[in-house]
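S.K.: can't give you the sequence, but here's the structure:
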């Protein structure tokens, strides 16, 4: 299906999704002789690994976002299309949007993942996840509103629930969130309230496995847990969340069942494939795994369709060691670049050996001056790991956008321990709304009690 | 009513509103022997003069916001209360919130103004104003979505409406908005689209008076108009807006009536007092002016209540030259500081002469390297005015928050002509939604037309 004659009309590559997989594919195809259309429902690329810093008030959304058009401004063979792809027609070779269809010769689907509540979708209302800018703003709103409501709450039990923060899931996002919230409570906000001691806040990190950061080497998991505990986080492993409702988390630890009253429950536990996974499997007969990810061939194409590729979090690529590659930015980036190269090779009548992921390691930030970094051949912890984390993230962040300012802002926040971005925005502020969210049993009944000012 | 004995329980000052008036009053009362409660419905002070830079994608909301708690963190006599004051009881000396009352000895009301459509509230849907962070995000969404929709629009007339931006009101906000949009269309976005030439966009600035920037000296109005026109803005004075609906603005210029089709109409024309104005006049019998502002005594108190003060945009202070002082940040700041000093003087058994506003001039930015500055004794224009504008705004911005980063970001954007904050956020992106907003006659009827990629 891929056209190898150079004199034909230009080969049309359509990329769906402007995350790491899609954007790096587009960048690798810039200034080649194919035509590229990058379709995304947002007008910006989001640097998701730093989203937790927006959720905890250190960075602004724009600090970790790059307008797709400006990233691809100089790629004159590339067109950005704002829109949502609802369907594809692999026989007619076109993707279908609300009000138009776009034909392709080669299709790259990179629509990523969304959070998953393992079938308990009703938990989402009480325990939001962290995938989009709006998610981060909502988390930020909940976290800072909880402190505000606690300041005004005179009932001790209710106040305790307002000052209890539960993070579900001990992967990098959960670890980073819990560490940042602990720093907020025990350091940043310490002097800011008059009626509460934010130091009395409780930050819980819950993980089902026997250690946090399961993809890391066990000794780093241990270091991370110790660092978190030093910051004040209560780390609970082998802990299953069996229910979330009414601002109460129900846990199972071995045979013991516990209830924790918390007004701020944050979800960092599971992801599933985005809706395009289902569309692809229905339209092409491709198989998908339990998380909805599309099982791809060794060249990232779909079985039977050598001109449809799936990259990033949406793909299940298991040709390297039998296990699917993890849903992280470096995998998506390398996959996107591989497919871009393969397309060009094919147009020249050649091909490429199968995709091979080069794992440069994993890392997680724990608070503002500690991290764990697992590079395979070397394991870092503490300040040097933090520095490595910072340098690598900044490097990727400024790679296609001149976000030097972010680095300066970061340095500044680090020195001043300030969090200037702790705005409660997005909807009219109402502690009531927050407090009586659904049928909370913490509903305030007092009205117009004079407060001691 | 004000207590002058030092040994009594501390004198309670309640400040409603954390804008320039309220915040500077609170800061001036820090470390004195009164107790202060600052009540605001938002948890941050907003530097409103720069809100247009958020609306046009240069700055992030957090860049121009300072958490009230962190600004007042060191003022141990001061308590910040997140909440909305609905009513006051001047006899019982208390302000009334949703779920509590707060007693005061002295009350300072500084709740500011909101935009006014001169009774045509139905215009708001089509022509949003610019007062809050959410307003700015909504303006940003409309501006950048208009370019995105134009890129996909094949009907020339509809495309023209999408590329027509109308700013209603030629005061500083209107001038700054129009200048920034012109720079976006003619410079920043020039290389970013493939199917439209953003240089074909039209930016109109409409003003009812015979010149823009009416508070400035006439020669500066002329300079500003010329600078705007150089940027590409079409400035139309003596132009009355008689209707806004269906993405059409109806104008009256002399006897001529015109209709302009525009998908992005922005309101910078009028303000009226916030709701507390009505509460105050009802509860105290104070008079208000046509814009709802409370007419205050020469010491900024309310007639008959020497312990209730009104400062900032909510106050009509006409004791200086018979005309009310303008609703700008320096007036609010000086009023807040005056009242803070007066309270302390009274507690020492003294008083102060009447409030006297020291006008240090007005200024407006026109694009990224021009401005007009009217300091009374000297008038600046062009680059030096721009520099003065920048220095003065930065000075005020970093006065109580270390927003050095903002200056760096600005310098960076200035050098690179980049606007990294041009995110379309806040609600799920849908060009459809944008295009068929209410009963628009530009509704798209085509479905699934193949596009030329």
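M.R.: Perfect, thanks for sending it. All figures in this text were calculated on a predicted structure; none of them were measured in a lab.

S.K.: right, and residue A:93 touches residue A:305 too?
M.R.: No. Contact criterion Cβ atoms under 8 Å: residue A:93 and residue A:305 do not qualify, at 9.8 Å. (Each C-beta comes from the backbone N, C-alpha and C, glycine too.)

S.K.: just the endpoints, please. Distance across stretch A:275-294?
M.R.: 11 Å (Cα to Cα, to the nearest Å).

S.K.: shaky segments in chain A?
M.R.: For chain A, applying pLDDT under 70 flags the ranges A:1-7, A:398-420, A:426-453.

S.K.: okay, now the domains of it?
M.R.: A:12-41+A:83-115+A:272-347, A:121-269+A:369-435 (automatic domain parsing).

S.K.: just the ones you listed: most buried one?
M.R.: domain A:12-41+A:83-115+A:272-347 (a mean of 21; mean count of other Cβ atoms under 10 Å in any protein chain shown).

S.K.: off-centre distance for that domain?
M.R.: The chain centre lies 19 Å from the centre of domain A:12-41+A:83-115+A:272-347; the measure is Cα atoms, centre = their mean, to the nearest Å.

S.K.: how about it, does it reach chain B?
M.R.: Yes. Shown here: domain A:12-41+A:83-115+A:272-347 in contact with chain B (Cβ under 8 Å from any Cβ of the partner chain) through A:12, A:14, A:35, A:37, A:41, A:83, A:94, A:96, A:98-103.

S.K.: helices of the stretch 51-200 of chain A, residue ranges please.
M.R.: Under the criterion DSSP state H, counting those that start in this stretch, the stretch 51-200 of chain A contains helices at A:51-55, A:68-71, A:133-152, A:156-162, A:172-183.

S.K.: any chance of those in CSV with distance to chain B as columns?
M.R.: Formatted as CSV, the helices of the stretch 51-200 of chain A follow (distance: least, Cβ to the nearest Cβ, whole Å):
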stretch, distance to chain B
helix A:51-55, 9
helix A:68-71, 4
helix A:133-152, 4
helix A:156-162, 13
helix A:172-183, 14
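
S.K.: can you add distance to residue B:164 and give those back as JSON lines?
M.R.: JSON lines is the format used below for the helices of the stretch 51-200 of chain A (distance: least, Cβ to Cβ, whole Å):
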{"stretch": "helix A:51-55", "distance to residue B:164": "34"}
{"stretch": "helix A:68-71", "distance to residue B:164": "20"}
{"stretch": "helix A:133-152", "distance to residue B:164": "29"}
{"stretch": "helix A:156-162", "distance to residue B:164": "49"}
{"stretch": "helix A:172-183", "distance to residue B:164": "43"}
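
S.K.: of all those helices, which lies closest to residue B:182?
M.R.: In terms of Cβ to Cβ, the element of the helices of the stretch 51-200 of chain A nearest to residue B:182 is helix A:68-71, at 18.3 Å.

S.K.: the closest residue to chain B within the stretch 351-453 of chain A: what secondary structure?
M.R.: Using Cβ to the nearest Cβ, the closest approach of the stretch 351-453 of chain A to chain B is made by residue A:421 at 3.7 Å. Three-state call for residue A:421 (DSSP: H, G, I helix; E, B strand; the rest coil): coil.

S.K.: could you do residue A:306 as well?
M.R.: Residue A:306 - assigned by three-state DSSP - is strand.

S.K.: so how far is chain B from it?
M.R.: According to Cβ to the nearest Cβ, to the nearest Å, residue A:306 stands 21 Å off from chain B.

S.K.: please report how far that residue lies from residue A:21.
M.R.: 18 Å (Cβ to Cβ, to the nearest Å).

S.K.: again, but for residue A:73
M.R.: Using Cβ to Cβ, residue A:73 is found at 20 Å from residue A:21.

S.K.: check which helix or strand covers residue A:280.
M.R.: helix A:276-284 (DSSP states H and E).

S.K.: what does that helix rub up against?
M.R.: The contact list for helix A:276-284 (Cβ atoms under 8 Å, 6 or more residues apart in numbering or on different chains) reads A:16-17, A:85-90, A:109, A:111, A:286-288, A:292-294, A:302-305, A:308, A:310, A:314.

S.K.: which is the next helix or strand following that helix?
M.R.: Next along the chain after helix A:276-284, taking DSSP H and E as the criterion, comes strand A:294-295.

S.K.: next structured bit after that following strand?
M.R.: From strand A:294-295, the next helix or strand downstream (DSSP H and E) is strand A:301-302.
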